[in-house]
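J.: Any chance you can model this:
(2 chains)
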Amino acid sequence: MDFKFESIDEDFRSEIKDFVEKELPWNWKEQDLDPEDEKDSVLVRKFKRKLGDQGWLTMAWPKEYGGQAASHMRQVVFNEEMAYRGISAGDAGIRMVGPILMLYGTDEQKEQFLPKIASAEINWSQGYSEPDSGSDLASLQTRAVEDGDDFVVSGSKIWNSAHADSDWMFMLVRTEPDAPKHRGISFVLTELEGQEGVTIEKIPMMWDAYRGLVTFDNVRVPKKNLVGEQNRGWYVGAALLDFERSGVDRPARAKRVLEDLVEFCKENKKNGRLLADDPVIRNELAELAVQVETTRLMCYNVAWMQSQDLIPNKEASITKVYGTETVNRLYGLGVKIMGLYGQLDPDSKWAPLRGRIENAWLRSFGGMVAAGTSEIQRNVIAQRGLELPRG
Amino acid sequence: MDLGLNEAQQMLKTTAQDFLSAECPDTYVREMEEDERGYTPELWTKIAEQGWLGLIIPEQYGGVELEFQDLVVLLEEMGRYMLPGPFFSTVVLGGMSIMDAGSDEQKQEYLPRIAEGQIIMTLALTEPSARWDAAGVELTAKPNGDSYSLNGTKLFVQNAHVSDYMVVAARTGSSVEDISLFVVPTQSDGINQTLLKTIASDRQSEVVFNDVEVPSSALLGEENKGWETIRKVMQWGAIGKCAEMSGGGQQVLDMTVDYAKQRTQFGRPIGSFQAIQHHCANMATDVEGSKFITYQAAWRLSEGLPADREVAMAKAWVSDAYRRVCALGHQSHGAIGFTKEHNMQLYSRRAKASEIMFGDTDFHLENVANIIGL
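T.: Residues are numbered from 1 along each chain as shown, chains lettered A, B, ... in the order given. Just a heads-up that it's a prediction; the model follows:
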């Protein structure tokens, strides 16, 4: 047992802190940037370029692709420090498309995309979910029909960031409708910018942001943009990628929220008494602090297992379920603690902490649904982790 | 960072599992629930032969001189197998008090005998007020020439009925923390014990002190400095309990998963139903969390790092998590789980007892609230 980071990683932590606090162009304490939101994504991209210049964005990549082959625990340090400051640095290009291309891409694809991913020049949108294919993702229906040197793609992809400054989409499309559902899917890269037949709609969410709905009407995607073998796309998308994927950003963000709430409780009164002196609030907030701590340790364990070449399977799902549900409870408690003020929107007069807590609470429901719902994760824990029989 | 067990700990864990599965099967646990002493001297001797009683005692006092985190690995397995008897009270409560506060003579006197299994010890701390803070200590020790006279009542004293010595926390001054520790032979004149009947069928007693005379050489550490030791023993005790709960929780999960695979209803194993699968997934989550939050605190205590925050968080979390694990274990087992013949109820009764020992969740959450700045 040893719960401390290497001193070299702790030094790195200080280096990041210094850099970020000097370079952040906005007052990060009062923001909670959503890279999938239009307004925020521009700021996020700007700042990501700066991180790219430091070589930090691709620290997890192997050296031959311009990365630093940073250890999993060092990536944890980076991801913690970024998330604590409200920066979403691990974008889909760096965390998914890049590593997938390294595994399955052609030389031409690597040459075309990797440098631009590394420098945050391309914003990627994920084209997985469809209106009729959510948890049962493998039932996806977006068709890609071969025609000469192209695939002709028709269908729709939902819950993505295509509307928010996105240039390309990595997507799963059906290339063989008669095969068993997992075996007729291909992984392709589609340029969205100026593409004929692509319609992007914005879906307003209950929090202050949008998600994208993209409709493809006979969109031509060159076959050279197929990644991996045709009809093997499901397995390309499901490849276990060797970057730190513990979800440690959740407890890191939550830590800041806790700090904000503690400050709030020390400065505000209810019924003439400081909130910080209210025994119920003390108990509830302390309980969430414990849950956030437990989440953090669960995340450390996932990253540590990866560093030992162990495959976190049920552990990763446990972290996802517990982390997202804890964050949801924390924000919900925050709204309650703020009393009548808790209901105020970010742009409202009198909104405490600029309405961040209210907005983040609304958004936190997304965490429990995106990338495998809590129910799907629990199925994974039970069936793959505990080997309970499938229903 | 290394969140796993080292090689020696892994070996200790395997040895403990082999030993306890052979020597401490559930039949033994049930027998001891009814037994007058609550343990057998035969097993006690075998435990001493394993070197476990002296696991963390320094070599110069006849121990193996491993660390607290190693003891935690052992306690995890003892929780899994529900080892009955005075191991915890002797090693963690009595032994660690002496290791912390004792003079060299006192260590020479007691520690080798603990390591060899010759004496059984406990800590007499709580009183009818059932408080875990210094204000709860009202039993007085009045200096009387070169001895002290002890008067008062201790309650919930673990294994006092079989202990040779008790470390007694007594009030020796008027400030809240003016508390001193004494090593008192349990057979001293003026001590009267009454066994209580408890939810976990463990052995706790009321111990009444009526003009009990002890020589000043019985004073453990300095006068009025005893609470400093108690504070540490409370932390070791809390994390020791967390380890037991964490091991017990793992066993309840394993039992429940096995049962869910075997038990058939509606023509299929109940473990194929999503409702049961999600119960099991939630249990696995709680067990996972319990393990790491316990290990983190154990590691800090071993390293001598400040651990107030981590101990409070661990005891708060694990107390609740183990209760939840047992509740879902019961729900998944159905009626058979509440029957005396089933092991499930053995665990849930112990879970409740552990939950309230060394400070319940609310006690520790209040500590957390202070530490996070509220």
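J.: Which neighbouring residues are in contact with residue 215, exactly?
T.: Going with chain A. A:155-156, A:198-199, A:201 (CB atoms under 8 Å, 6 or more residues apart in numbering or on different chains). Heads up, the C-betas are built off the backbone N, CA and C, glycines and all.
J.: Sorry, I should have been clearer: chain B.
T.: Per CB under 8 Å, 6+ apart, neighbours of B:Pro215: B:146-147.
J.: run the last query once more with 6 Å
T.: By CB atoms under 6 Å, 6 or more residues apart in numbering or on different chains, the contact set of B:Pro215 is B:Ser147.
J.: beta partners of it?
T.: Counting by DSSP bridges, B:Pro215 is bridged to B:Ser147.
J.: quick one: it from B:Glu222, how far?
T.: Distance of B:Pro215 to B:Glu222, computed by CB to CB, to the nearest Å: 16 Å.
J.: Please identify the residues of the stretch 251-374 of chain B in proximity to chain A?
T.: B:257, B:269, B:271-272, B:277-278, B:280-281, B:284-285, B:288-289, B:292-293, B:295-296, B:299, B:313, B:316-317, B:365, B:368-369, B:372-374 (CB under 6 Å from any CB of the partner chain).
J.: Out of these, list just those in helices.
T.: Among these, the residues falling in helices (DSSP state H) are B:257, B:277-278, B:280-281, B:284-285, B:288-289, B:292-293, B:295-296, B:299, B:313, B:316-317, B:365, B:368-369.
J.: returning to what we had before: selection in PyMOL covering whichever of the residues of the stretch 251-374 of chain B next to chain A are buried, please.
T.: Per 16 or more other CB atoms under 10 Å in any protein chain shown, the buried members of these correspond to this PyMOL selection:
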select buried, chain B and resi 257+269+271+272+277+278+280+281+284+285+288+289+292+293+295+296+299+313+316+317+365+368+369+372+374
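J.: Need the pLDDT of A:Trp28.
T.: Note on A:Trp28: pLDDT of 55.
J.: in the stretch 201-350 of chain B, which spans are helices?
T.: B:226-262, B:274-303, B:308-333, B:344-356 (DSSP state H, counting those that start in this stretch).
J.: now these as a markdown table including mean pLDDT?
T.: Below are the helices of the stretch 201-350 of chain B laid out as a markdown table (pLDDT from 0 to 100):
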| stretch | mean pLDDT |
| --- | --- |
| helix B:226-262 | 98 |
| helix B:274-303 | 98 |
| helix B:308-333 | 98 |
| helix B:344-356 | 97 |
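J.: Can you give me the end-to-end span of stretch B:37-56?
T.: Stretch B:37-56 stretches 26 Å from its first residue to its last (CA to CA, to the nearest Å).
J.: what does it contact?
T.: With CB under 6 Å, 6+ apart, stretch B:37-56 has contacts from B:23, B:32, B:62-64, B:66, B:71, B:84-85, B:114-117, B:162, B:203.
J.: got the CA positions of stretch A:381-391 in PDB?
T.: Below are the C-alpha coordinates for stretch A:381-391, written out as PDB (Å, rounded to 0.1, in the frame of the first residue of the first chain):
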ATOM      1  CA  ILE A 381     -20.400  -5.000 -13.200                       C
ATOM      2  CA  ALA A 382     -22.800  -7.900 -12.600                       C
ATOM      3  CA  GLN A 383     -22.300  -9.900 -15.800                       C
ATOM      4  CA  ARG A 384     -18.600  -9.300 -16.600                       C
ATOM      5  CA  GLY A 385     -17.300  -8.500 -13.200                       C
ATOM      6  CA  LEU A 386     -19.300 -10.900 -11.000                       C
ATOM      7  CA  GLU A 387     -20.100 -13.400 -13.700                       C
ATOM      8  CA  LEU A 388     -23.800 -13.500 -13.100                       C
ATOM      9  CA  PRO A 389     -25.800 -15.100 -15.900                       C
ATOM     10  CA  ARG A 390     -27.200 -13.000 -18.700                       C
ATOM     11  CA  GLY A 391     -31.000 -12.600 -18.700                       C
END
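J.: Give the buried residues for it.
T.: For stretch A:381-391, using 16+ other CB under 10 Å, the buried residues are A:381-383, A:385-386, A:388.
J.: hang on, the earlier thing: next, format the helices of the stretch 201-350 of chain B as a markdown table and append distance to B:Asp189.
T.: As requested, these are exported to a markdown table (distance: least, CB to CB, whole Å):
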| stretch | distance to B:Asp189 |
| --- | --- |
| helix B:226-262 | 23 |
| helix B:274-303 | 38 |
| helix B:308-333 | 37 |
| helix B:344-356 | 32 |
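J.: Make sure A:Ile122 is actually in contact with A:Asp167.
T.: Yes. Between A:Ile122 and A:Asp167 there is a contact at 4.9 Å, judged by CB atoms under 6 Å.
J.: shared neighbours of these two, which are they?
T.: By CB under 6 Å, 6+ apart, no residue touches both A:Ile122 and A:Asp167.
J.: Those two: who's more crowded?
T.: Taking neighbours as other CB atoms under 10 Å in any protein chain shown, A:Ile122 and A:Asp167 compare with A:Ile122 leading, 19 against 15.
J.: Can you tell me the SS state at the more buried one?
T.: Counting by DSSP: H, G, I helix; E, B strand; the rest coil, the backbone at A:Ile122 sits in coil.
J.: Ok, the one 3 residues further on next?
T.: Secondary structure assignment for A:Ser125 (three-state DSSP): strand.
J.: How about the residues of the stretch 1-150 of chain B by chain A?
T.: Contact residues (CB under 6 Å from any CB) of the stretch 1-150 of chain B with chain A: B:1-3, B:69.
J.: quick one on the thing from earlier: for PyMOL, what selects the buried ones among the contacts of A:Thr215?
T.: Buried subset of the contacts of A:Thr215, written as a PyMOL selection, criterion 16+ other CB under 10 Å:
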select buried, chain A and resi 155+156+198
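J.: Redo the contacts of A:Thr215 as CSV? Include distance to B:Phe338.
T.: Converted to CSV, these look like this (distance: CB to CB, whole Å):
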residue, distance to B:Phe338
A:Gly155, 54
A:Ser156, 53
A:Val198, 61
A:Thr199, 60
A:Glu201, 56
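J.: Show the pLDDT at the nearest residue to A:Met59 once chain neighbours are set aside.
T.: Of all residues not flanking A:Met59 in the chain, A:Ala70 sits nearest, at 3.9 Å (CB to CB, 6 or more residues apart in numbering or on different chains). For A:Ala70, the pLDDT comes out at 94.
J.: next one: A:Gly52
T.: 86.
J.: can you give me the offset of the strand or helix carrying it from its chain's centre?
T.: Element membership of A:Gly52, judged by DSSP states H and E, is helix A:38-53. From the chain centre to the centre of helix A:38-53 is a distance of 15 Å (CA atoms, centre = their mean, to the nearest Å).
J.: next SSE after it?
T.: Using DSSP H and E, the helix or strand that follows helix A:38-53 in sequence is helix A:72-84.
J.: Just after that following helix, pick out the following helix or strand.
T.: From helix A:72-84, the next helix or strand downstream (DSSP H and E) is helix A:92.
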